[in-house]
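Asks: Sequence isn't available, so here's the structure alone:
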């Protein structure tokens, strides 16, 4: 019995029947599929006898088929009209993607544009059938308890995964792999012939060869032994496999990239801008440079050149390179590793605006008055030459720290950089005046030393980052306004108003932190005033983080809905076509508009609506894997530091405890309520704090505390702390 319990972790209640041995279980599954296939071909409902004859079954199997049909009716696959059988009408079913919870239940995320209250349908454990995490399923929506809708899975349309990573355990003649994703609460059987000589504790990559049933666990074969699970590089590989991301390009894509001819001259209307003193400004470790800038002073203000790598020249709609780029949607950035959208010959060579090389570009030439108001915009395909590859730190040292040595070293480009600084300042003032939000939330930077995590820290942003950001925003807005005013369909980057309920919750939290707030308005300028009020206060980070959670997720769509966070009526992504497919679409749309060829394809055979939905999804996958890797490596970084103490800030308060973030490291964890032993604490949801009933001690959102590391869990990627020296 012990072994049976290990087969399904946590989701046992949905697979708790005794295993049925022999061929009958397999044959019933196959027969059920034959029944469905037969009924799909019928023009009208059929009797059991017609079904038996159509399936070529003998009469003595009538009892078994009756039992099977009744089971299929109970599960919702079949319906009965009098004594005739038919497949449950698909119009009564809804297609969705299943997301499992480690506790055994799931949610069906409905496809397409659905009302918000119907987007996630609860699926109780007994209604999961044979579906697993990530599967595309057909569900029947049923009335649930407490007024909420529930669903029952009727059919698995498409499996969400074919391969899983996990840790191998030897068990006599057979072995088992425990997936390292806690949304897959099951164990995979590995027969000795499929074990690839794996040893106990090895991290392995497994192909599922049988998804099992209610009565049988899935079976797989080991494709690759990855190594020890406490290796950071192995954990990164496991994350890549978990999200199904490709680690290399197909041979045909690489071959097509090798056959591309380099652009070295101005043909077909390409404008020669090599005389303009463009420079690139990027991070120190950047390898692909897709944007270059130059600034000139004019009689009325400034002229800004934003030149972007002309990826659209090399990557034609529907080509093998384009199809692969679309499927990826975006480049993914992990510690010491990039999974690029384009092959290296394009991303780091032909399209990269490296210094002292002629490169094809798409240039936005923008005119501004002295106050930063845009007064004109022109766009053209160009040939440019970068005069210098600057880093953010170098430009910050030159322009803002005014260090004499680097200023003297770059004397020839110093006048242009000074003009760029002035223009960035007036553009920032313009954005601020209209109410654009200025988030100050750092990102995690994980530094690797081979297969060792050297540090988990916060990214540092300086004023040179903001300078380039202003110019990229200006170009994106100018292209968006030009295309929208001309009624040219394209992919906008939209950011809609936050939900009023979330705004109210944010307001309560901000007040709990002691901020004096203006009267609540669901406008960018109101949120901007709140951020200003929190600036340089102990709660600044928490306020920024809470506000970010309040905001809706930005997405791509052909409908121009504006950008709330930027307080912009027009916005899209134009400036990073090497790493984002939507930018490539915009380049094609803009070029077609300039040449009057607006009927030319911009994204293979896909419509803009479909592309917006798909590419927004690929962006979410990129964000999710980056967070997943951060969680994995954070756990590894701390696993040998149990009982150590850290300074932390309370970043969230709930009825079951607190969330904290370490000040020294950009690592989050939880302090469970039951770990606070000195009193019985209740949750004050309005005040965002825990209050001791006997002592009246309080632990509040935004408060600095000292914590001790108690536990790390590699499977769930969770880190647990306890309080040090509870308040007197």
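Replies: All right, it came through fine. What you see is a predicted model, and the numbers here were worked out from it, not measured in a lab. Numbers count the residues shown, from 1 in each chain.

Asks: And the residue nearest the centre of the chain?
Replies: The centroid of the chain falls nearest to residue 620 when counting by Cα atoms, centre = their mean (2.4 Å).

Asks: Assign that residue to helix, strand or coil.
Replies: Secondary structure, DSSP: H, G, I helix; E, B strand; the rest coil: residue 620 is helix.

Asks: same thing with residue 235?
Replies: helix.

Asks: And it, what's its pLDDT?
Replies: With respect to pLDDT, residue 235 scores 96.

Asks: got the contact list for stretch 557-567?
Replies: With contact meaning Cβ atoms under 8 Å, 6 or more residues apart in numbering, stretch 557-567 is reached by 431, 434-437, 439, 473, 477, 480, 484, 489-498, 524-525, 528, 551-552, 554, 568-571, 608-609, 612-613, 616. Just so you know, the C-beta spots here come from the backbone N, C-alpha and C atoms, and that holds for glycine as well.

Asks: Let me see the contact set for residue 174.
Replies: Here residue 174 is in contact with 189, 190, 191, 192 (Cβ under 8 Å, 6+ apart).

Asks: picking up where we left off before, and the nearest residue to the residue nearest to the centre of the chain once chain neighbours are set aside, how far is that from residue 707?
Replies: When the adjacent residues along the chain are set aside, residue 620 lies closest to residue 553, with 7.6 Å between them (Cβ to Cβ, 6 or more residues apart in numbering). Distance, residue 553 to residue 707, by Cβ to Cβ, to the nearest Å: 31 Å.

Asks: and if you look at residue 313?
Replies: In terms of Cβ to Cβ, residue 313 sits 54 Å off from residue 707.

Asks: In terms of packing, which of residue 553 and residue 707 has more residues around it?
Replies: residue 707 (23 against 10; other Cβ atoms under 10 Å).

Asks: Need the pLDDT of that one.
Replies: Residue 707 is assigned 96 on the pLDDT scale.

Asks: now it, nearest residue through space, not along the chain?
Replies: residue 721 (3.9 Å).

Asks: now do residue 704
Replies: Nearest one to residue 704, counting by Cβ to Cβ, 6+ apart, is residue 649 at 5.7 Å.

Asks: Same question for residue 399.
Replies: Residue 399 sits nearest to residue 421 (Cβ to Cβ, 6+ apart), 4.8 Å away.

Asks: The one you found belongs to a helix, doesn't it?
Replies: Yes - according to three-state DSSP, residue 421 belongs to a helix.

Asks: For burial, what's the neighbour tally of it?
Replies: Residues near residue 421, counting by other Cβ under 10 Å, number 17.

Asks: which residues of the chain score low on pLDDT?
Replies: Where the chain drops to pLDDT under 70, the residues are 1-29, 58-63, 75-76, 88-92, 111-119, 144-147, 214, 726-728.

Asks: at 50 instead, please
Replies: 1-26, 113-117, 727-728 (pLDDT under 50).

Asks: and it, what are its domains?
Replies: 2-88, 91-158, 163-229, 252-493+565-626, 497-551, 639-723 (automatic domain parsing).

Asks: now those domains in CSV, with distance to residue 558?
Replies: CSV is the format used below for the domains of the chain (distance: least, Cβ to Cβ, whole Å):
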stretch, distance to residue 558
domain 2-88, 35
domain 91-158, 13
domain 163-229, 33
domain 252-493+565-626, 4
domain 497-551, 19
domain 639-723, 37
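
Asks: Beta-bridge partners for residue 668, please?
Replies: residue 661 (DSSP bridges).

Asks: returning to what we had before: just the buried residues from the contacts of stretch 557-567, in ChimeraX please.
Replies: Command for ChimeraX that selects the buried part of the contacts of stretch 557-567, burial taken from 16 or more other Cβ atoms under 10 Å:
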select :431,435,436,437,473,477,480,484,490,491,492,493,494,495,496,498,524,528,551,554,568,570,571,608,612,613,616
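
Asks: Which ones among the contacts of stretch 557-567 lie within strands?
Replies: 492, 493, 494 (DSSP state E).

Asks: what's the closest of the residues you listed to residue 372?
Replies: residue 493 (21.4 Å; Cβ to Cβ).

Asks: quick one: which of the contacts of residue 174 has the most company?
Replies: residue 190 (25 neighbours).

Asks: gap between that residue and residue 675?
Replies: Counting by Cβ to Cβ, the gap from residue 190 to residue 675 is 38 Å.

Asks: so what's residue 643 up against?
Replies: Contact analysis of residue 643 by Cβ under 8 Å, 6+ apart lists 708, 709, 710.

Asks: Now do the same contact list for the second one.
Replies: By Cβ under 8 Å, 6+ apart, the residues touching residue 709 are 638, 641, 642, 643, 644, 645, 646, 669, 719, 720, 721.

Asks: could you say which helix or strand contains the nearest residue to the third one once chain neighbours are set aside?
Replies: Sequence neighbours aside, residue 709 is the residue nearest to residue 642 in space, at 5.5 Å (criterion: Cβ to Cβ, 6+ apart). With elements taken from DSSP states H and E, the one containing residue 709 is strand 704-713.

Asks: helix or strand for the spatially closest residue to residue 667 that is not a sequence neighbour, which one?
Replies: Excluding its sequence neighbours, the residue lying closest to residue 667 (Cβ to Cβ, 6+ apart) is residue 634, at 4.6 Å. In the assignment (DSSP H and E), residue 634 maps to helix 608-638.

Asks: so that helix versus strand 704-713, what angle?
Replies: Orientation check (axes from the mean of the first three to the mean of the last three Cα atoms, to 10 degrees): helix 608-638 against strand 704-713 gives 100 degrees.

Asks: what's the next secondary structure element after the one helix or strand residue 547 maps to?
Replies: Here residue 547 sits within helix 540-550, counting by DSSP H and E. Moving toward the C-terminus from helix 540-550, the next helix or strand (DSSP H and E) is strand 555-557.

Asks: Neighbouring strands of that next one in the sheet, and parallel or not?
Replies: Strand 555-557 is paired, per DSSP bridges, with strand 492-494 (antiparallel).

Asks: what does the partner strand contact?
Replies: Residues from elsewhere that reach strand 492-494 (Cβ under 8 Å, 6+ apart): 476, 480, 484, 554-563, 570-573, 582.

Asks: what's the helix or strand just after that strand in contact with?
Replies: As assigned by DSSP H and E, the chain's next helix or strand after strand 492-494 is helix 500-512. For helix 500-512, the external contacting residues (Cβ under 8 Å, 6+ apart) are 498, 517, 520, 522, 530, 534, 543, 546-547, 549-550, 686-689, 700-701.

Asks: List the buried residues for helix 500-512?
Replies: Going by neighbour count (16+ other Cβ under 10 Å), the buried part of helix 500-512 is 502, 503, 505, 506, 507, 509, 510, 512.

Asks: quick one, what contacts the residue nearest to residue 667?
Replies: The contact partners of residue 634, by Cβ under 8 Å, 6+ apart, come to 456, 665, 667, 668, 717, 719.
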